[in-house]
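>>> only geometry, no sequence info:
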């Protein structure tokens, strides 16, 4: 869900905010930076979401904040919650699997 006003952001004690360069610059984010907002209920949940965003490798400027994000010009903000992005809230979901040897000699 795209956010156009601060009142569109639900109250939460923590938010993970990150920029998605892959979805920036085209579609609804044409000429904009696509910024994700993920509300979190606790510090541990925010830590899980932040770790998953970092593990993806494509998210930039991943951070935890304790106030509603300020909406700035030049960004398209999208809200994602546990309901529509449940995997982002699962510990280690985006962690790469351990590499196995291709051949067992």
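Sure thing, it's come through. Here the structure is a predicted model, which is why all the values come from computation and not from measurement.
>>> The helix or strand that residue 78 is a member of pairs with which strands, parallel or anti?
Element membership of residue 78 [criterion: DSSP states H and E] is strand 75-79. Applying DSSP bridges to the sheet, strand 75-79 is found paired with strand 2-3 (antiparallel), strand 33-40 (parallel).
>>> What confidence value was assigned to the nearest residue to residue 81 once chain neighbours are set aside?
What sits nearest to residue 81 in space, not counting adjacent residues and going by Cβ to Cβ, 6 or more residues apart in numbering, is residue 39, at 6.1 Å. Any C-beta I mention is one placed from the backbone N, CA and C, and that applies to glycine too. Looking at residue 39, its pLDDT stands at 98.
>>> Next: residue 42.
Residue 42 is assigned 98 on the pLDDT scale.
>>> Tell me how many other residues crowd it.
Each residue near residue 42 was counted by other Cβ atoms under 10 Å, and the total is 11.
>>> okay but it is in contact with residue 13, surely?
Yes. Residue 42 lies in contact with residue 13 (Cβ atoms under 8 Å); the separation is 7.2 Å.
>>> for residue 94, what are its contacts?
52, 53, 55, 56, 87, 88 (Cβ atoms under 8 Å, 6 or more residues apart in numbering).
>>> of the residues you listed, the lowest pLDDT goes to which?
For the contacts of residue 94, the pLDDT minimum is residue 56, 88.
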